[in-house]
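# my questions concern the predicted model and sequence given below.
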Amino acid sequence: MSLDETDATPSADAGLPGALPDELRAELVAFRRDLHMHPELGNCEFRTTAALKARLEKAGLEPRVLPSGTGLLCDIGPWDGVTPALALRGDIDALPIPDTKTVPYRSTVADRAHACGHDVHTTVVLGAGLVLAELAREGRLRHPVRLLFQPAEEVLPGGAADAIEGGALDGVGRILALHCDPKVEVGRIGLRTGPITSACDRLEISLDGPGGHTARPHLTTDLVTATAKVITEVPALLARRVDARSGLAVTWGRVESGHACNVIPQHAELSATVRCLDLPAWRAAPDLVHAAIDEVATLHRAKSEINYIRGVPPVVNEETSTELLRDAMVARRGSYAVEDTEQSLGGEDFSWYLERVPGAMARLGVRRVGDTTRRDLHVGDFDVDEGAIEVGVELFTAAALLDGNVL
């Protein structure tokens, strides 16, 4: 799609509501800041859940806490028992890192921060729900919508599986989500049909051997050398055993072994992430990784114990759902507000929903206009242009109203 700025006029006959009232806009910014000041880790989001529940009930809705004790489902609009609902998902958990910003809404909890934008995702879904609830009362919402506030996205394999088990997708025909992107300017979204994130698993390895004196490595298992060979040779082996286009990569994050310079240790531990770009490679990855580690460890007379922890598959945006998001954004802000985006190597448990129903995730621009600083997620100074909240609400509201044309 051309991003010619002259083609930036929204559709005049889309039948969509106007801009957010000033009072609601201010309320949503305040709600996001309150969440930002009180971040909660996965499966511990009790305050966040209570705040969402209270606001939805104030709007006359009937939210239901998920069986896990945190997170909510809330249905809006008519449901005849047959027509599938459109689900809007927001993740509600924070990260175990300190907030290093100097702002009035800085985290008040030590070593906890909303450094991935989940406070924004949550606020957008809440705002869309409040707008849609009013439209439903006016008889303007033709199809049911489900708000899904999901806990524990940051905890592998993610809280999506628990939410699904708790009924999150019962009666749902399509699901949409968004994710903050500090590379995209506020007022715009990034879209991609097909894989938009990558698979991400966790790998824990123990290597063992008899150890001994560094003067006589030939009489021992030289465990440090064996560990070094696993670190360097396992990724190299994998690169020759899968299609290079799958992007299967093992990246080490932790290595521990030994206590003295003249003692060959008896034990070593390694931790890594395993990432890949496509589903076939992700499904084959555990067997491939096990085989490569065993092969290298055996060659160096080390005994290996491998714990391969399944994480999440790639988020694969379904075409019709992606076009629904595109149409919704164009209807609200014009085609200039939509840009193509690349596949990320990050993982996202939204992928579990897409294993069951069609859906798509958009990248929500949160970079302030004119800001040329390179910024990223999962860092202590992460922040957003809060104008992105209104953009996200407009996107989801428009998608819900247009969805009847594609379900």
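Received it, and whenever you're ready, just let me know what you need. Numbering: from 1, shown residues only.

# avg pLDDT for stretch 168-181?
Stretch 168-181 shows a mean pLDDT of 98.

# list the buried residues of it.
Applying a neighbour-count criterion of 16 or more other Cβ atoms under 10 Å, one finds 168-169, 171-181 buried in stretch 168-181. All C-beta spots, glycine's among them, are computed from the backbone N, C-alpha and C.

# between those residues, which is nearest Gly365?
Within those, the smallest distance to Gly365 is 6.2 Å, found for Asp181 (Cβ to Cβ).

# and stretch 346-355, end to end?
Stretch 346-355 stretches 18 Å from its first residue to its last (Cα to Cα, to the nearest Å).

# average model confidence for that stretch?
The average pLDDT within stretch 346-355 is 95.

# contacts for it?
Around stretch 346-355, the neighbours that count as contacts under Cβ atoms under 8 Å, 6 or more residues apart in numbering are 87, 89, 153, 156-161, 164, 168-169, 175, 177, 179, 197-200, 275, 311-318, 359, 361, 377.

# buried ones among these?
Using 16+ other Cβ under 10 Å as the burial test, the contacts of stretch 346-355 include 87, 89, 153, 156-161, 164, 168-169, 175, 177, 179, 197-200, 275, 311-318, 359, 361, 377 as buried.

# separation between Val315 and Arg32?
Separation of Val315 from Arg32 (Cβ to Cβ, to the nearest Å) stands at 23 Å.

# no wait, Ala236
With distances defined as Cβ to Cβ, the gap from Ala236 to Arg32 amounts to 45 Å.

# now Ala19
18 Å.

# which one's more surrounded, the two?
For Ala19 and Arg32, the more surrounded residue by other Cβ atoms under 10 Å is Arg32, and the numbers stand at 25 against 10.

# neighbours of the residue nearest to the more buried one when sequence neighbours are not counted, how many?
In this structure, Arg32 finds its nearest non-sequential neighbour in Thr123, 4.2 Å apart by Cβ to Cβ, 6 or more residues apart in numbering. Thr123 has 28 neighbours, counted by other Cβ under 10 Å.

# repeat for the one 4 residues further on
When neighbours are counted by other Cβ under 10 Å, Gly127 registers 25.

# surely it touches Val29?
No. The pair Gly127 and Val29 fails to qualify as a contact (Cβ atoms under 8 Å) at a distance of 9.9 Å.

# what touches both of those two?
Counting by Cβ under 8 Å, 6+ apart, the shared contacts of Gly127 and Val29 are Ile389.

# residues of stretch 215-230 that come out buried?
Using 16+ other Cβ under 10 Å as the test for burial, stretch 215-230 gives Thr220, Thr221, Asp222, Leu223, Val224, Ala226, Thr227, Lys229, Val230.

# would you confirm that the fifth one belongs to a helix?
Yes. According to DSSP: H, G, I helix; E, B strand; the rest coil, the state of Val224 is that of a helix.

# look up how far Ala399 lies from it.
With Cβ to Cβ as the criterion, Val224 and Ala399 are 55 Å apart.

# secondary structure element for the spatially most central residue of the chain?
Closest to where the C-alpha atoms of the chain average out (Cα atoms, centre = their mean) is Glu348, at 3.5 Å. Using DSSP states H and E, Glu348 is not contained in any helix or strand.
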